[in-house]
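J.: Provided below are the primary sequence and the corresponding predicted coordinates.
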Amino acid sequence: MTPKIALFASGSGSNVENIIRYFSGNKNFEFPLILSNKPDAFVHERAKMLGVPSFTFSRDDFAEGHKIVSFLKEYDINFIILAGFLLKISAPILETFPNKIINIHPALLPKFGGRGMYGHHVHQAVVEAGETQSGITIHYVNEQYDDGNVIFQAVCEVLPEDTPETIAEKVHALEYLHFPKVIESVVGNQLK
Ligand code: GRF
């Protein structure tokens, strides 16, 4: 069976683009659609450029869940990747996709996770805490923010001269390098 993977994103979507480019030409993985909660997110521009349909659902639709589940079922989706998606995943979606929803967080969880810890806020907090390391965490999604079982982490150095912006760049580089490979391995293993 070829897995059909939905990508969820709220913002720029550079990870979405990187993932789709990584798998392009690989017939063993399909990425039939992108879902967002923001109609003006740049991820929709990338989707057009990549030729992948993208759709926006409201915050309420994501919170209620059933409409999203029906939509994903129409497309025979069996995995969900959160790539910079900022809303909580509601119970109907979690129950329909047990252990099949994966998130990437731009820090080394359990540090710098939870409500309000996204994007710039995470890197700002890392600087303020005087951390010497940051990195990425790829994890399964459960009903709490940034709390499910960790699948993979990678570390980058934080130097005294680093700013939230320079840390974001280092973290993005780790994301681009590792996220597609981790998706390939997790999804591939689950289908064995
Ligand atoms: C990434 O750093 C991701 O870890 C975080 O949000 C950022 C999204 O960046 N959750 P982009 O939209 O993929 O460019």
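T.: Noted; the coordinates are in hand. Because the structure is predicted, anything quoted here is derived from the model rather than measured. Numbers count the residues shown, from 1 in each chain.
J.: What's opposite residue 155 in the beta bridge?
T.: Residue 155 has these beta-bridge partners by DSSP bridges: residue 135.
J.: Quick one: end-to-end distance for stretch 125-138.
T.: End-to-end span of stretch 125-138 (CA to CA, to the nearest Å): 19 Å.
J.: Tell me if that stretch is near the ligand.
T.: No: applying CB under 6 Å from any ligand atom, one finds stretch 125-138 separated from the ligand by no less than 6.5 Å. Where C-beta positions appear, they are placed from N, C-alpha and C, glycine not excepted.
J.: Please state the offset of stretch 87-103 from the chain centre?
T.: Distance, stretch centre to chain centre, for stretch 87-103: 12 Å (CA atoms, centre = their mean, to the nearest Å).
J.: Same check on stretch 85-103?
T.: In terms of CA atoms, centre = their mean, the centre of stretch 85-103 is found 11 Å from the chain centre.
J.: Contacts for it next, please.
T.: Stretch 85-103 is contacted by residues 8-11, 36-37, 59, 62-66, 68-69, 72-73, 78-82, 118, 138-143, 145-146, 148, 151, 182-183, 186, 190 when judged by CB atoms under 8 Å, 6 or more residues apart in numbering.
J.: Check stretch 173-188 too.
T.: So stretch 173-188 is contacted by 3, 5, 14-15, 18-19, 22-23, 28-29, 79, 81, 83, 102, 104, 106, 135-136, 138, 151-152, 154, 156 (CB under 8 Å, 6+ apart).
J.: got the residues of this protein near the ligand?
T.: Within the chain, the positions near the ligand by CB under 6 Å from any ligand atom are 9, 11-15, 83-84, 104-106, 119, 171-172, 175.
J.: residues in contact with the residue of the chain found nearest the ligand?
T.: Per CB to the nearest ligand atom, residue 84 is where the chain lies closest to the ligand, at 2.7 Å. Counting by CB under 8 Å, 6+ apart, residue 84 makes contact with 9-13, 15-16, 43, 104, 119.
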